[in-house]
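Q: Based on what follows, work out the 3D shape:
(6 chains)
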Protein chains: 6
Amino acid sequence: MLSTLIELQRLKRLDRTGWTLRGLPNGTESVAAHSFGVSVTAMLLADKLIAQGVTVDVQKLLRIALLHDWAEVRVGDMPRTATLYFGSEARKQAETAAFSDVIHGSGEAEGLYASLYNDYERRESLEARVVKAADVLDLLIEVLALERAGASGLDEFWEVAEKPNFNLEGPAEQIVQQLLESILKARTELHRNV
Amino acid sequence: MLSTLIELQRLKRLDRTGWTLRGLPNGTESVAAHSFGVSVTAMLLADKLIAQGVTVDVQKLLRIALLHDWAEVRVGDMPRTATLYFGSEARKQAETAAFSDVIHGSGEAEGLYASLYNDYERRESLEARVVKAADVLDLLIEVLALERAGASGLDEFWEVAEKPNFNLEGPAEQIVQQLLESILKARTELHRNV
Amino acid sequence: MLSTLIELQRLKRLDRTGWTLRGLPNGTESVAAHSFGVSVTAMLLADKLIAQGVTVDVQKLLRIALLHDWAEVRVGDMPRTATLYFGSEARKQAETAAFSDVIHGSGEAEGLYASLYNDYERRESLEARVVKAADVLDLLIEVLALERAGASGLDEFWEVAEKPNFNLEGPAEQIVQQLLESILKARTELHRNV
Amino acid sequence: MLSTLIELQRLKRLDRTGWTLRGLPNGTESVAAHSFGVSVTAMLLADKLIAQGVTVDVQKLLRIALLHDWAEVRVGDMPRTATLYFGSEARKQAETAAFSDVIHGSGEAEGLYASLYNDYERRESLEARVVKAADVLDLLIEVLALERAGASGLDEFWEVAEKPNFNLEGPAEQIVQQLLESILKARTELHRNV
Amino acid sequence: MLSTLIELQRLKRLDRTGWTLRGLPNGTESVAAHSFGVSVTAMLLADKLIAQGVTVDVQKLLRIALLHDWAEVRVGDMPRTATLYFGSEARKQAETAAFSDVIHGSGEAEGLYASLYNDYERRESLEARVVKAADVLDLLIEVLALERAGASGLDEFWEVAEKPNFNLEGPAEQIVQQLLESILKARTELHRNV
Amino acid sequence: MLSTLIELQRLKRLDRTGWTLRGLPNGTESVAAHSFGVSVTAMLLADKLIAQGVTVDVQKLLRIALLHDWAEVRVGDMPRTATLYFGSEARKQAETAAFSDVIHGSGEAEGLYASLYNDYERRESLEARVVKAADVLDLLIEVLALERAGASGLDEFWEVAEKPNFNLEGPAEQIVQQLLESILKARTELHRNV
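A: Residues are numbered from 1 along each chain as shown, chains lettered A, B, ... in the order given. Coordinates of the predicted model:
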């Protein structure tokens, strides 16, 4: 169990490659900090859903959010372009194998972690799909924060926001869409003021 | 909801003061990265407990772990010595008020977040106490990682490890104690090799 | 005496929280670097005053400027919002106690340092008030420098500049006001060019 | 031609993942800085070889050294463990395709760059093999410099030094071996003094 | 040979002073990363020239590009203004003496390195002049990349671009001029979009 | 006056070259942070002297401490080795001319600043010599702090401590010597514990 925790510590220092490749300073955002952001965003989304009567397994949702990037401790935070060259299938296989090795020996819940990871990779459950939405929303809120602090050259991240396909429906789709729109509105206001 | 998420983004950049005050470089660990570490550690501890037949509300545990440091976005990451001068009671009151303002307008679950925060501050539930243990264990694993990378002058953090009082009992106490001892053993081995 | 100096070294690494909380990189400005800026600004202001026939105790002024932030080595650089939650009175008491412990054992001048600190906290002397003005002016010049380098999202700092109340009068008020206006003018020109 | 140069600028900021994953600060070494080190080391090795009468195409050698990491601007600096999960064959294919896209439109020498890259990947020419040796030697000298500055936990890098297989022979093998041994000797002395 | 390589490692960490003096974060660009950029730019320029039938000694060109900043490991990266105070002649003499000491004992090619350095300092050969052009072009592409990422306050660097005097003629002059113009055009487009 | 203050802001970001050239991270210590340390150390030394009946012009002492490194904003923080190549006389002349330009237009006290700078350069007054001692003592305390945090490879700085020649006598010499010895003792204890 300790060796798993020691290895995961490394995510606290691993830079998200997207920022450094666009000229932002090293240390802009670590993978661990991003995972925290995704988990918090997923929790708030889930609580909105629950308030509208949707059943959400919050335990499952938070577990997925916390573990969805663990493979990066062995595979690194690959830039988007890397997936083009490896193919998304090869990337999935590599990350699944890396995840499996990371959790090896973490204890009795090893099997549970593996099945949650697979759920996330396949976006099977509602919880997995909400975490994926939170993953993108946290990215966009980070971009918004960076632009507010003066960064530019990040336009390509906003393209994601135009054609989101999270495979959600009903209240889940609406709630994610509302948050997305309020992010886009905040950005429009930001650039009007500049 | 967006304004809460935008404010919490700031934890991704806020340095844990303990490291910079001891001469480690800026950017050593953010509050968000630490919260991620605490959440993961709490999850692994909980799964050990469950495997031993203890009932743990994992949803509650992960929610507490994720939100326990949100007040720092307004109060800052106060060094230990600061508490001596303000008094732990004043600090608790200030952080509780700050937490309350951070979650204001975060949606229907606002009341739930406030009650989980109070539970954590008072260490009422088993889940709150396990998160507190995880908070200390993640700190020690970080110190171990820093020492492995060459840092020194961090001895005072290990004093915490000698007299831990997490107010746990039965399997919870044993499991936390086991992890603590394996951390201490790893440290002993590290210094034997140097 | 050495232990005081060793402890104060830590201010060289302690980040000014205001920048990191607004998304600027870690390492933007240390408390020690800010204290240097305040001291230099205070010296230049004092020399302007002297040139206009005002009596200024420059020794006292520079001593106050150099020591006014020493308490932060124990209390940290608390963000503005922190004062709202603790109350400015509690903050003053905590910082005064911390300052007192920092200088404990620094030698024969311990009593002098304590009385200069109290003077600053109460803005009793002209020198204390000029240092307070220098504290704000150095902040604004830093914001100007950051905006010139591309930073944004720092508007709230400029609100301070609109309603400054340094409790100065006569030539002191005029000289501070002139510097303030030249800073504001430089900012207006900066944004016209962008 | 400009778009190629703009893209390659990004290597100046891209951190070598090996350091951050071992707890060293962000910004320890960029891919561009490493490429500079490899090129300089290759040049010095080549000049030793020439002095011993070996024919070396220095132009070819320096071209290979300068371009051998260009693919990382799209694929990232993958940690060693990543290769285990993707397979070294898939990695080579991905990097070759990425390299090909990076140089696309760089001008008349596009074909030359592609053939030099392939030579390096296959270690066909003496020049390609000397660059590979320089790649490892620059890594070890960097580790030595980091250890001299206080870093630890880098032992696994030294394992490479024990069983180097650069497929060199004659004077080339001797010269590389001599440099390797002087590095190992410098390390032994370093640790004797500590 | 090892001592030369160990000393040159330091260029990987030495900040280009121009950026930090203009308020950009530490770690923006190292001297080693810049030398890599100059070498790559020089190579691409040379290959354009060759394609137009000009004879270029690429080996010589790349050697000069790699070694032209080695003296900075002893003299530091002096800001432009420093040259005003020391005089460009004194600076040249100091850097030449420093270079000479850096390469002392680097092996049989020591004399070659010294003569290439002198060639560069005097801009005697075509290769030396093309490297000088690459030195300026890499600077401008870096400024462009920084401005794209949000930096400002770098206008003075663009003044260099208006009156370049690289003492080149024929195809060399044209090719450098074309690259310069495409950089300026990219900058104009960048600022139109902002 | 504002233009002088804006220019001096740059010292807050300018790295002390000595650390980066020895492999410590960028941002280890700025010139402004060092000037703060020198000023504080000088003040404490002066107060010890005064307690022993020596007359010290503290105003003059603090002014010198605050302004002694202003020339670096134009000349940069030259590494020690740079002085070897330029000659200490040329360095003094360049820095004096740079200082003169920095303070140009800073107001009525311009002449005073120039004369204090000259006093420091020539170590004429007791105050100038105490500041020089403080300059070295702050350096050694910083080295001590870095070594406490795990840094190594800084031995050459301690050589300064063995043969200090501050041209002081009587109580001034004793007090500086006492502080020096307590620093050396703290270092010995540090290394005994490691």
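Q: What is the neighbour count of the closest residue to A:E29 other than its chain neighbours?
A: Closest residue to A:E29 apart from its sequence neighbours, by Cβ to Cβ, 6 or more residues apart in numbering or on different chains: A:R16 at 4.7 Å. Quick note: C-beta positions are derived from backbone N, CA and C, even for glycine. A:R16 has 21 neighbours, counted by other Cβ atoms under 10 Å in any protein chain shown.
Q: A:R16 contacts A:V31, doesn't it?
A: Yes: counting by Cβ atoms under 8 Å, A:R16 touches A:V31, with 6.2 Å between them.
Q: Common neighbours of the two, please.
A: Common neighbours of A:R16 and A:V31, using Cβ atoms under 8 Å, 6 or more residues apart in numbering or on different chains, are A:D77.
Q: ok, the most centrally placed residue in chain A - contacts?
A: Nearest to the geometric centre of chain A sits A:D135, at 2.7 Å (Cα atoms, centre = their mean). Taking Cβ under 8 Å, 6+ apart, we find A:D135 in contact with A:V38, A:H68.
Q: where does it fall, helix, sheet strand or coil?
A: Per DSSP: H, G, I helix; E, B strand; the rest coil, the local secondary structure of A:D135 is helix.
Q: So it versus chain C, what's the distance?
A: 20 Å (Cβ to the nearest Cβ, to the nearest Å).
Q: could you point out which element follows the lowest-mean-pLDDT helix or strand in chain A?
A: The weakest-scoring helix or strand in chain A, judged by mean pLDDT, DSSP states H and E, is helix A:155-162 (a mean of 90). Per DSSP states H and E, the first helix or strand lying C-terminal to helix A:155-162 is helix A:170-193.
Q: Run through the neighbouring helices and strands of that next one.
A: The helices and strands touching helix A:170-193, judged by 3 or more Cβ pairs under 8 Å, 6 or more residues apart in numbering or on different chains; DSSP states H and E, are helix A:31-51, helix A:126-148, helix A:155-162, helix B:2-9.
Q: Which of those has the highest mean neighbour count?
A: Burial of those is given as mean neighbour count (mean count of other Cβ atoms under 10 Å in any protein chain shown); helix A:31-51 ranks first at a mean of 25.
Q: residue of chain A with the smallest distance to chain E?
A: The minimum distance from chain A to chain E, using Cβ to the nearest Cβ, falls at A:G23 (3.3 Å).
Q: which residues does the residue nearest to that residue when sequence neighbours are not counted contact?
A: Leaving out its chain neighbours, the residue that sits closest to A:G23 by Cβ to Cβ, 6+ apart is E:A149, at 3.3 Å. Listed by Cβ under 8 Å, 6+ apart, the contact set of E:A149 reads A:R22, A:G23, A:L24, A:A151, A:S152, A:G153.
Q: quick one on the thing from earlier: looking at the residue nearest to A:E29 now. What's its pLDDT?
A: The score at A:R16 is 96. That number is its pLDDT.
Q: Return the residues in contact with it.
A: Contacts of A:R16 by Cβ under 8 Å, 6+ apart are A:T28, A:E29, A:S30, A:V31, A:H34, A:D77.
Q: Can you verify my assumption that the fourth one contacts A:T17?
A: No: look at A:V31 against A:T17 with Cβ under 8 Å: they stay out of range, at 9.5 Å.
Q: what sits in contact with each of these two?
A: Joint contacts of A:V31 and A:T17 (Cβ under 8 Å, 6+ apart) are A:D77.
Q: now stretch A:152-171, how far from the chain's geometric center?
A: Put simply, stretch A:152-171 sits 13 Å off its chain's centre (Cα atoms, centre = their mean, to the nearest Å).
Q: Contacts made by that stretch with the rest, please.
A: Here stretch A:152-171 has contacts from A:18, A:22-23, A:49, A:52-54, A:123, A:126, A:129-130, A:132-133, A:136, A:139-140, A:143, A:146-147, A:173, A:176, A:180, A:183-184, A:187, E:148-150, E:194, using Cβ under 8 Å, 6+ apart.
Q: As JSON lines, the contacts of E:A149 with pLDDT and secondary structure would be great.
A: Formatted as JSON lines, these follow (pLDDT from 0 to 100; DSSP: H, G, I helix; E, B strand; the rest coil):
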{"residue": "A:R22", "pLDDT": "94", "secondary structure": "coil"}
{"residue": "A:G23", "pLDDT": "93", "secondary structure": "coil"}
{"residue": "A:L24", "pLDDT": "95", "secondary structure": "coil"}
{"residue": "A:A151", "pLDDT": "96", "secondary structure": "coil"}
{"residue": "A:S152", "pLDDT": "95", "secondary structure": "coil"}
{"residue": "A:G153", "pLDDT": "95", "secondary structure": "coil"}
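Q: Could you export these as TSV, including neighbour count?
A: TSV is the format used below for the contacts of E:A149 (neighbours: other Cβ atoms under 10 Å in any protein chain shown):
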residue	neighbour count
A:R22	22
A:G23	24
A:L24	23
A:A151	24
A:S152	21
A:G153	20
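Q: Looking at those residues, which one is closest to chain D?
A: Here the nearest of those to chain D, counting by Cβ to the nearest Cβ, is A:G23; it sits at 6.3 Å.
Q: I'd guessed that closest one sits against E:V143; true?
A: No: applying Cβ under 8 Å, one finds A:G23 not in contact with E:V143, separated by 11.1 Å.
Q: Low-confidence regions, chain A specifically.
A: For chain A, residues meeting the criterion pLDDT under 70 lie at A:193-194.
Q: Just the closest residue of it to chain F, please.
A: For chain A, Cβ to the nearest Cβ, closest residue to chain F: A:N26, 9.5 Å.
Q: Would you quantify the distance from the nearest residue to that residue once chain neighbours are set aside to D:E147?
A: Nearest non-adjacent residue to A:N26, counting by Cβ to Cβ, 6+ apart: D:N26, 3.6 Å away. Computed as Cβ to Cβ, to the nearest Å, the D:N26 to D:E147 distance reads 19 Å.
Q: Spit out the contact partners of the residue of chain A closest to chain E.
A: Applying Cβ under 8 Å, 6+ apart, we find A:G23 in contact with A:G153, D:Q9, D:R10, D:R13, E:A145, E:L146, E:R148, E:A149.
Q: how many other residues sit next to A:L67?
A: By the criterion of other Cβ under 10 Å, A:L67 has 24 neighbours.
Q: now A:G111
A: 9.
Q: hmm, the helix or strand hosting it touching chain B?
A: For A:G111, the host element (DSSP H and E) is helix A:110-122. Yes: judged by Cβ under 8 Å from any Cβ of the partner chain, helix A:110-122 comes into contact with chain B at A:L112.
Q: again, but for stretch A:46-65
A: Yes: judged by Cβ under 8 Å from any Cβ, stretch A:46-65 comes into contact with chain B at A:D47, A:K48, A:I50, A:A51, A:V58, A:Q59, A:L62, A:R63.
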